[in-house]
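Asker: the following block contains a protein sequence and its predicted model.
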2 protein chains.
Amino acid sequence: MPIKNADQSAVIGLNAIIVAVTDEVPRILIVQRAAHSLATPAQRGEADSYEDSPVTLPFGPFDPSQHRTLELGLHKWVEQQTGLGLGYVEQLYTFADRHRDPREQAGGPRLVSVGYIALVRQVPLSGAGEAEWQNCYDFFPWEDWREGRPKVVDEIIRPKLQLWAKNIDEKNERESTQERLSIAFGTGTASWDFDRVLERYELLYEAGMIGEAIRDAKIRAAISGLSEPQVASEAIETAKFLGTTMALDNRRVLATAIGRVRGKLKYRPVVFDLLPSTFTLLNLQLVVEALGGVRLHKQNFRRLVVNGGLVEPTGQRDIQSRGRPAELFRFRREVLSERPVSGVGLPSLRTIG
Amino acid sequence: MPIKNADQSAVIGLNAIIVAVTDEVPRILIVQRAAHSLATPAQRGEADSYEDSPVTLPFGPFDPSQHRTLELGLHKWVEQQTGLGLGYVEQLYTFADRHRDPREQAGGPRLVSVGYIALVRQVPLSGAGEAEWQNCYDFFPWEDWREGRPKVVDEIIRPKLQLWAKNIDEKNERESTQERLSIAFGTGTASWDFDRVLERYELLYEAGMIGEAIRDAKIRAAISGLSEPQVASEAIETAKFLGTTMALDNRRVLATAIGRVRGKLKYRPVVFDLLPSTFTLLNLQLVVEALGGVRLHKQNFRRLVVNGGLVEPTGQRDIQSRGRPAELFRFRREVLSERPVSGVGLPSLRTIG
DNA sequence: TCAAAAGTGTTATCCTTACACCCATGT
DNA sequence: ACATGGGTGTAAGGATAACACTTTTGA
């Protein structure tokens, strides 16, 4: 199947990464049948014989004639599809690499999507779509360290990645890959940095260890008319331990989003968009832990958050399940206008590295 | 002049914000004649009678059939136009609001640009374009506090903005605007936060105080066939103190970029992409100060940077101008793999606010 | 009475800030 | 000699991390 002349055009779509936390689980909204309106069979070309994952991020085309801004366009179709009103919304990244959608090779237009992150208080879904909530860590089992370091890290990821990197022929590339490994997975002197979600995902993809990598290799072969590549059955077994495969590059998009949210947690009070207006300190902590994928030290967390002026007591108490009833707190919006820049110069250059 | 049916289409372009620091001045690359290939007179419609600033950010259309990724496309035409090889490059934001280019109203396509920041060591320009370096603070005189608080802040910006906000009729809007003012310009309890470049720019625009706001009001009137709005000559005088006007929303894009760079300085070692491979600690400090728009405490800066393991001495000395010759340092690339996540939990939730 | 969670107190350590002071070089 | 910038020492204050410990409730 030869490559057609690539279409010059590009279509702009919107990808929504909608995050909520309930029952100590960070969840994102996914759609089960790959229904992105871009990819009608006609547009795709005929190379539609491969099997792709049915799990996608919510996607909608952007119609400039209807929507004044990208964000408004997003709100509109998310509401139609899910009945959700979005709270905090932030632009994530614009994804436009060739072959994000491998069907491009068969003549489809370039798929450009602008990703947006939205944080919501989880509510029941309504609306036309087939959206549902799914645990983030189904897609990234290695990112949840709340019950200790996940076994998959030591038993599969680190050994296999190290072996892969060691066998790279070209010396410079090998060494730089090994350095990336050490940074992303904390193999050398470095420790695990919870923000580097994307870097970890990319290395796993490059090493051919996750479902998308195997799928894409097949597609490339199919489209360029080569025979099906031999994928070791062992590789397929491995991939099963490395999370649920998503359509196209959606898992990459999601990895970008999780990394961003984790980073943002540290310097902007975004958690509160995931919580009801009053909450106990434990509620708050569990939500932060869920997103961060780490356990926090309870007493210190409380002090940080209270002394830091982030929250204030309401005087009310929680009608609770077990144990002593906790005080209900609320977010102090005033902190937004209180950020001191601290005495001399740019605050904390220490963290430059 | 009636509004035509808006074109459904969108065109994707790339905007480059190319930053270098020399002689303690942060400079960006600008183009003097508005030469973005999108806006041929034919595409614009006939409503081309207004005067726009000739100062633009480098812009190039993105051709998906030629370039595998946005970033590669960017490298390509930047090199053609300027002869510059880009070092550190990072995606900034995607701008797609309606009427970014007011000519849209007259039937032009929606202008979607993906902005990229590039940090380079300044070198002489070559290439086909008419690009040149210009001091960032020509566009944002209120952002450079190295010689103390700029007079324009106390004498013009704060009083005029406060007056403007006070006269907003609707109570909620007035109060939220006043809060935004206090956060952005450190008027109330808050201190000036150097990262909030965009927020400050937006308030000045909303208040109609800068050139772009006046221009856009005129254009809107011209296109919809209304009579030229009466702009107080005082407003035009004020605008002269508030920096050089740029074409379209380019100054907004630039504000976004500067805010991002300032933020990034604090937690990623990006400064080193602006410096030669060896440099004195004073060199380093001056570059950080130039971008941050603040003076830093010398001794502490040095300790932070040396003890933090960011740089290491080379043993060589600077052939200097005045004073004791300084040791030359180099960036320690190893820090990239050393970021410890610090004991318990997410590092420094303190800065959440 | 026990388990479970809330909440308080205390300490060692490190980082930041702010001073004061000395060193090497060119003019 | 002195101006200019390079470079060191030290001490106060604050934030963090790691303890141990008490309190209040439901089952």
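Answerer: Looks like it arrived, so ask away.
Asker: which residues of the stretch 51-200 of chain A lie near chain B?
Answerer: A:62-65, A:67-70, A:91, A:93-94, A:96-98, A:109-110, A:112, A:114, A:179, A:182-183, A:188-194 (Cβ under 8 Å from any Cβ of the partner chain). To be clear about C-beta, it is placed using only N, CA and C from the backbone, and glycine gets the same treatment.
Asker: okay, and which of those residues map to strands?
Answerer: A:Q91, A:Y93, A:T94, A:R110, A:V112, A:V114 (DSSP state E).
Asker: what number of residues lie near the third one?
Answerer: So the one you mean is A:T94. Using other Cβ atoms under 10 Å in any protein chain shown, A:T94 is surrounded by 22 other residues.
Asker: what residues does it make contact with?
Answerer: A:V112, A:S113, A:V114, A:G115, B:L70, B:Q91, B:T94, B:V114 (Cβ atoms under 8 Å, 6 or more residues apart in numbering or on different chains).
Asker: among these, who's most crowded?
Answerer: A:S113 (29 neighbours).
Asker: give me the pLDDT value at it.
Answerer: A:S113 is assigned a pLDDT of 94 by the prediction.
Asker: any idea what it is bridged to?
Answerer: A:G13, A:F95 (DSSP bridges).
Asker: how much space between it and A:D249?
Answerer: Distance, A:S113 to A:D249, by Cβ to Cβ, to the nearest Å: 9 Å.
Asker: re earlier: now the contacts of A:T94 as CSV including distance to DNA strand C?
Answerer: As requested, the contacts of A:T94 are exported to CSV (distance: Cβ to the nearest atom of the strand, whole Å):
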residue, distance to DNA strand C
A:V112, 40
A:S113, 38
A:V114, 35
A:G115, 32
B:L70, 35
B:Q91, 28
B:T94, 33
B:V114, 34
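Asker: adding distance to B:Q299, write the residues you listed out as JSON lines.
Answerer: Output for the contacts of A:T94, formatted as JSON lines (distance: Cβ to Cβ, whole Å):
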{"residue": "A:V112", "distance to B:Q299": "49"}
{"residue": "A:S113", "distance to B:Q299": "49"}
{"residue": "A:V114", "distance to B:Q299": "45"}
{"residue": "A:G115", "distance to B:Q299": "44"}
{"residue": "B:L70", "distance to B:Q299": "43"}
{"residue": "B:Q91", "distance to B:Q299": "37"}
{"residue": "B:T94", "distance to B:Q299": "42"}
{"residue": "B:V114", "distance to B:Q299": "42"}
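Asker: which parts of chain A are strands?
Answerer: A:10-22, A:25-31, A:59-61, A:88-95, A:110-119, A:131-135, A:278-279, A:311-317, A:327-331.
Asker: those strands: which one's closest to DNA strand D?
Answerer: DNA strand D sits nearest to strand A:311-317 of all those, at 7.3 Å, using Cβ to the nearest atom of the strand.
Asker: got the angle between the closest one and strand A:327-331?
Answerer: Relative orientation of strand A:311-317 and strand A:327-331, computed by axes from the mean of the first three to the mean of the last three Cα atoms, to 10 degrees: 140 degrees.
Asker: buried residues in strand A:311-317?
Answerer: Residues of strand A:311-317 classed as buried: A:V311 (neighbour count, 16 or more other Cβ atoms under 10 Å in any protein chain shown).
Asker: ok so, going back, any idea which of the strands of chain A is most buried?
Answerer: For the strands of chain A, average neighbour numbers computed from mean count of other Cβ atoms under 10 Å in any protein chain shown are highest in strand A:110-119, which has a mean of 25.
Asker: let's see which of the residues of the stretch 51-200 of chain A next to chain B end up in helices.
Answerer: Judged by DSSP state H, those include A:L70, A:E179, A:S182, A:I183 as members of helices.
Asker: spatially nearest residue to the first one (excluding sequence neighbours)?
Answerer: For A:L70, ignoring the flanking residues on the chain, the nearest one in space by Cβ to Cβ, 6 or more residues apart in numbering or on different chains is B:A96 at 4.9 Å.
Asker: and that neighbour, how far is that from B:I17?
Answerer: 17 Å.
Asker: quick one: the closest residue to A:R260 other than its chain neighbours from A:Q134, how far?
Answerer: Residue nearest to A:R260 in three dimensions, not counting chain neighbours: A:L92, with 6.1 Å by Cβ to Cβ, 6+ apart. With distances taken as Cβ to Cβ, A:L92 is found 18 Å from A:Q134.
Asker: look up how far DNA strand D lies from A:K151.
Answerer: Applying Cβ to the nearest atom of the strand, to the nearest Å, the value for A:K151 to DNA strand D is 23 Å.
Asker: what do you get for A:D273?
Answerer: 22 Å.
Asker: returning to that earlier point: from the residues of the stretch 51-200 of chain A next to chain B, keep the buried residues only.
Answerer: Applying a neighbour-count criterion of 16+ other Cβ under 10 Å, the buried members of these are A:62, A:64, A:67, A:70, A:91, A:93-94, A:96-98, A:109-110, A:112, A:114, A:179, A:182-183, A:190, A:192-194.
Asker: sorry, back to before: overlap in contacts of A:S113 and A:D249?
Answerer: With Cβ under 8 Å, 6+ apart as the test, A:S113 and A:D249 both reach A:F95, A:R100.
Asker: on that earlier part again, let me know the closest of the contacts of A:T94 to B:V271.
Answerer: B:V271 has its nearest neighbour among the contacts of A:T94 in B:Q91, at 19.3 Å by Cβ to Cβ.
Asker: surely the residue nearest to A:L70 and B:A10 touch.
Answerer: Yes - under the criterion of Cβ atoms under 8 Å, B:A96 makes contact with B:A10 at 7.4 Å.
Asker: overlap in contacts of those two?
Answerer: Both B:A96 and B:A10 are in contact with A:I12, A:F62, A:P64, B:R110, B:L111, B:V112, where contact means Cβ under 8 Å, 6+ apart.
Asker: and the second one, how close does it get to A:W77?
Answerer: Separation of A:F62 from A:W77 (Cβ to Cβ): 9 Å.
Asker: in the stretch 251-353 of chain A, what spans have low per-residue confidence?
Answerer: For the stretch 251-353 of chain A, applying pLDDT under 70 flags the ranges A:320-321, A:338-353.
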